[in-house]
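Colleague: sharing a sequence plus its predicted fold:
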Amino acid sequence: MALYEILHDTTYRYDSAVALSQQVAHLRPRECAGQRTLAHHLEIAPAPARRSERSDFFGNPVTAFALHAPHTELVVRARSRIRVDPPAWPEPAASPPWETARDHLRDGLSGHAPLRADARDAGQYRFASPFVALGDEAAQYADYALASFTPGRPVLDALLALSARIHADFRFDPAATSVATPVAEVFAARRGVCQDFSHLMIACLRALGLAARYVSGYLLTEPPPGQPRLIGADASHAWVALWCPGAGWIDIDPTNDLQPGSGHITLAWGRDYGDVCPLRGVILGGGGHGVEVAVTVMPVEEGPPPRRGGRPARAADAPD
Amino acid sequence: MQVQPHRPPALLARYVARPDRYDELCQRIGSVVVLRPHWRDFFHGLAAMPADELSARRAALGRQIHENGITYNVYADPRGFARPWELDLLPYMLPAAEWAQIEAAVIQRATLFDRILADLYGEQTLLEQGLVPPALIYGHSGFLRPLVGARPPGGRFLHLYAVDLARSPDGRWWVVADRTQAPSGAGYALENRSVVARVLPELYRAAGVEPLVPFFEGFRDGLVELAPADGAAAGEDPLIVVLTPGPYNETYFEHAFLAREMGFPLVEGQDLTVRDDKVWLRTLEGLRRVHVILRRVDDLWCDPLELREDSALGVAGLVAAVRAGMVTVANALGSGILETGALLGYLPRLCEHLLGSKLRMPSVATWWCGEPAACEYALKHLRELVIKPAYPTLGARPVFCGDLPVAELDALAARIALRPFDFVAQEMVNLSQAPVLADEAGGAGNKAPARDARALVARNIGLRVFAAAGAEGFRVLPGGLVRVASEADMRIVSMQHGGGSKDAWVLGSPARPRPVPRIVPGQLAPFAGGARVLGLSSRVAENFFWLGRYSERADAAARLGRETLARLGEAGEASWLGEDGKVTAALQALCRQRGLLATVAGEADAAPTPPAPLAQALFDPAQPGSVVANLRQVLRVAALVRDRLSPDSWRIYNRLSEFAAAPAQAPRLGEALQRLDESLLSLVTLSGFVIESMPRDAGWRFLSIGRRIERLQFLAAALSALLLEPSQGGLKVLLAITDAELRYRSRHARGLAPQPVAELVMLDGDNPRALRYQLDSLAEHVALLPDGAALAAPLRERLAALDALALCDCFVHELAGARSRAAAQARHCEPLRQVLDDIWRGGNELADALARRYFTHLDARSRATVSL
């Protein structure tokens, strides 16, 4: 069990006054298995003319707000107190062959066989989405993934193997990509950040006919030994979850090649980044603008520090 | 097979009724081929027409299309961006009994689709029960998840539906494709009817054709009825707008046409804004609540906040307004989900499940490869099939597998096997064929009839039928849009592929009361909701303002060019000598200042330009102030407010387009002068028409303000150039530019003198081309705008300054010695110079103030932002 205080501050500064601003925020962490929101507060300055809360299609809490008065700066500060009880991930070797997951989805989604309710939900994450294009490029993702998804291999075993390969084959490089970089470019350049690796892994899994979703959240980072925790030094994080018949959704973090444990805090999930972007808005006016995001994940509890990550992914079957 | 009896050779000499297609005109009875009964009257009427008469009708049709400005924008069309609509003179004809069956089938299908949408965005029982494979929905980019659970007012999702039909060789009708997103074509069908009925009035009347107008009135009533319940105050009609992506859309003509016919404002995304989950139209008087949006923007692009964030066409917050039930969008956002061939195979089952009846009209045989058995069949029979993407985002075009080389066919089969969900296989349809009038040599409108002007030829056709929701369910437009393949045997009928169109006549049935034939379908009954919205949108106001400015700028350019050119032409080199030389130089400088002539770096204004380059520059579209460049701007802006222009005024604008073309070769002096005269005549016709027939609404006011500002500034510049150092030649030009020569001569018998000329061109309050008139008129117009009083004050001050000017002191009369006289003149006319400069500045200040207060700021468009 771990307890966190999470600060997520976003500041927009505009060159000239913004006359009208409409924003949709995915900043309130969703409740899910192994995670409870003990407190949450979203502070918006200047005060919005209108603000409302709802759930989106994927069940994530959403705050929508609008500013009607001219302003040159917008500050959105999210404060959340979260308790994480990391789930015990099932034994990979005991999971069904990956083809079982694929076939169950295929038969159910094509109307060929009855579809269980949980598989119907999984079906939402089985197809191309705005940030995960699967046209002719799908074949190369499938080829890449098939090296890990060998015939009959247990699906979670194969998943961990794919994660290890992405971790090994791709370089973390914040300068290489932007929010809008397509997966195909990431695949060709072999570099990117957590968002890119997550999209890439999702593309690989969906190209095989599996259901994979994008998880947006936070990751506890440890300050260098002997140094204090710096406020705002952390960043949002993203990882992937794969649907496995019988076991449900299994999280995997390809950027760090591990299965999320108590150090991963889930904010929201969707088909890709576009569904769960922390703050998405449309402004009228403003000229140029700059945005600053500061994230801090602070363990609250005294006692033994939370483990970073859960079970490390096995390096056993590195690509060959 | 040639048609044998009833064969006036001239008409059917080239007509071939093929046995492998259904022929709409002829049928085979035993061994003979005869006209189908419902064609006979029309055909004999046509045959009775002499050849030159038919040619004349055809020419009239071409003229109507040009004058009504019916266009269809084809991307990358060599003939230009806005291509004239192609319409065949011969209508397509359907007997009443056959039509009744089509009508019933289309109503059933529209009703079915409405119900399917309601389920997919509501309970989703169809997915649960496997009646619709979930993959078809989840994998479709048109499944708009933010709209799931949003129930539109009245539970109506589909308001306007279109279906493409084809007739197989055995005469049966099949559905080829459904249009549930934002179907186009109904407006073109109405326009086609109005043109054909006007060109063939006697045949139209005799046929007792079902009228189209009631359909549109019913559609409008349906929209009114489905406005949100919290909508307009009791007794008031709701505000309904047509949302268009803008003039670059391929069917923009139709958006403007429908808006005008139905009496709805035509708006673009930036004209609307969402506040408190309600949609508002930005107008001159402020925000006006919008209740219903008839959209021609695809739904994914309708809201950058919750749908495609890169859309500049939408309205941020629209989805939230829909979820809140505060606005009706027709068709409902998300309705594009049904535009997939993959669904066709499931419709019979869905129809029985949802409506409890059998599907009346079959769809073309279609296999969605996501079903294992279907996939197997498709792969086995690939060569006979057409392969289409199951999801529109895949963007692939239909593949006619029979055309593919073996290697490509194998590659396609491999792709299908790998991703079966993504593909749909469809049977090929042998389209039916109908007669069209063969091309005349030289094309339509050619005066000399070609030898076979009356020959009919057979072309493949498809019929698009429209249904609209009304209070009592769906109604079908009797007829529709017939699309004609551009060449014999062409498999695709599509406007984007260069096809043409036909009017479709549903012939009156003895069972129904014969409709009163109206030759000119004309306007729908007026709509109170439209009339109430006098509040012009800010964007439209701005467009009218610029329409006024550009037409006046074109007028000024033509006048100035004419004077300058005439001067150079008459006197030649001599025009640069002596006092005349100063006038020529002043005119040339004015031409440069107004962008008629390029400013050459390092070259003094006084360096003479010969007439030929000037004549050329006047018609050079690349020269920003040229007559042609300004006329092009006039036409561009006119297109933007097209829905607000009456058909007659649109015709006049269309005529201007002749002069907006750059001449093929540099015009000689005489030609240039003549062309200027003609351009001016058209412009004057236009402004006369505006004065005479435009309603005195805010649009007219902004147009007038634009014109007056432009004329004010031109006059101020011309007066500064020619009056401050008065000369006989300069005074003459001033009188010509202001159309004041006659008036001067009637008042002053003896030659030109500075002061009386100045009085006439500056202070004459009765001459609409004189300076004072502009200020006066501007002050009056501006004062009548909402909050306009403040804007009028500076104009009135300048008017007072102009009136206070003592003109008699401004000009030096008798002085010896040219040099001292020039110096004295400069001193004397200083007050005049100041007043003119100030008036010129006043024009700019007013334009800026109008933009700040009334216009949509182009630099303040909405933009999307995201954060990590």
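Modeller: That came through fine. Every value quoted in this text rests on a predicted model; they were computed, and no experiment measured them. Residues are numbered from 1 along each chain as shown, chains lettered A, B, ... in the order given.
Colleague: starting at the chain centroid, how far to the helix or strand bottoming out on mean pLDDT in chain A?
Modeller: Least confident element among the helices and strands of chain A, by mean pLDDT, DSSP states H and E: helix A:117-123 (a mean of 84). Chain-centre distance of helix A:117-123: 19 Å, with Cα atoms, centre = their mean, to the nearest Å.
Colleague: show residues contacting that helix.
Modeller: A:104-105, A:108-109, A:115, A:211, A:243, A:245, A:248, B:127-128, B:134-135, B:138 (Cβ atoms under 8 Å, 6 or more residues apart in numbering or on different chains). All C-beta spots, glycine's among them, are computed from the backbone N, C-alpha and C.
Colleague: put together TSV for these, with secondary structure, neighbour count and distance to B:Arg21 on each row.
Modeller: Formatted as TSV, the contacts of helix A:117-123 follow (DSSP: H, G, I helix; E, B strand; the rest coil; neighbours: other Cβ atoms under 10 Å in any protein chain shown; distance: Cβ to Cβ, whole Å):
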residue	secondary structure	neighbour count	distance to B:Arg21
A:His104	helix	22	47
A:Leu105	helix	24	44
A:Gly108	helix	22	43
A:Leu109	helix	28	39
A:Leu115	coil	24	44
A:Ala211	coil	27	47
A:Trp243	strand	25	51
A:Pro245	coil	18	52
A:Gly248	strand	15	57
B:Leu127	helix	22	40
B:Glu128	helix	15	44
B:Pro134	helix	23	39
B:Ala135	helix	29	36
B:Tyr138	helix	21	40
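Colleague: and the helix or strand that comes right after the least confident helix or strand of chain A, what's buried?
Modeller: Using DSSP states H and E, the next helix or strand after helix A:117-123 towards the C-terminus is helix A:138-146. By neighbour count on 16 or more other Cβ atoms under 10 Å in any protein chain shown, the buried set for helix A:138-146 is A:138, A:141-142, A:144-145.
Colleague: likewise stretch B:246-261?
Modeller: Those would be B:246-247, B:249-261, for stretch B:246-261 by 16+ other Cβ under 10 Å.
Colleague: between the residues you listed, which is nearest chain A?
Modeller: In terms of Cβ to the nearest Cβ, no member of the buried residues of stretch B:246-261 lies closer to chain A than B:Gly246, at 18.3 Å.
Colleague: next, work out how far apart that closest one and B:Ala162 are.
Modeller: 22 Å (Cβ to Cβ, to the nearest Å).
Colleague: over to B:Cys302?
Modeller: 19 Å.
Colleague: of these two, which one has the most company?
Modeller: With neighbours defined as other Cβ atoms under 10 Å in any protein chain shown, B:Cys302 and B:Ala162 compare such that B:Cys302 has more, 27 against 24.
Colleague: what's the distance between the more buried one and chain A?
Modeller: The spacing between B:Cys302 and chain A, counted by Cβ to the nearest Cβ, to the nearest Å, is 13 Å.
Colleague: cool, B:Cys401 as well?
Modeller: Distance, B:Cys401 to chain A, by Cβ to the nearest Cβ: 18 Å.
Colleague: what do you get for B:Leu587?
Modeller: Counting by Cβ to the nearest Cβ - B:Leu587 and chain A are separated by 42 Å.
Colleague: wait, is that residue part of a strand?
Modeller: No: the assignment for B:Leu587, made by DSSP: H, G, I helix; E, B strand; the rest coil, is helix rather than a strand.
Colleague: could you give the number of residues near the spatially closest residue to it that is not a sequence neighbour?
Modeller: Using Cβ to Cβ, 6 or more residues apart in numbering or on different chains and skipping the chain neighbours, the partner closest in space to B:Leu587 is B:Thr564 (4.5 Å). Number of residues near B:Thr564 (other Cβ under 10 Å) recorded here: 26.
Colleague: taking the stretch 651-800 of chain B, what residue is nearest to chain A?
Modeller: Closest point on the stretch 651-800 of chain B to chain A, by Cβ to the nearest Cβ, is B:Asp787, at 18.4 Å.
Colleague: find the nearest non-adjacent residue to that residue, please.
Modeller: B:Arg853 (7.0 Å).
Colleague: now do the SS call for that neighbour.
Modeller: helix.
Colleague: contacting residues around stretch B:694-703?
Modeller: B:284, B:534-536, B:540-542, B:544-545, B:547-548, B:641, B:644, B:646, B:649, B:690, B:781, B:784-785, B:850, B:854.
Colleague: could you do stretch B:359-368 as well?
Modeller: Residues contacting stretch B:359-368 (Cβ under 8 Å, 6+ apart): B:101-102, B:104-106, B:108-109, B:112, B:133, B:136, B:165-166, B:172-176, B:341-342, B:344-345, B:347-348, B:351-352, B:374-375, B:377-378, B:385, B:390, B:423-427, B:429.
Colleague: start and end of that stretch, how far apart?
Modeller: 19 Å (Cα to Cα, to the nearest Å).
Colleague: report the buried residues of it.
Modeller: Of the residues in stretch B:359-368, those buried (16+ other Cβ under 10 Å) are B:359-361, B:363-364, B:366-368.
Colleague: per-residue pLDDT, the residue in the stretch 451-600 of chain B that chain A sits nearest to?
Modeller: Across the stretch 451-600 of chain B, no residue is closer to chain A than B:Ser538, which sits at 12.8 Å (Cβ to the nearest Cβ). Looking at B:Ser538, its pLDDT stands at 80.
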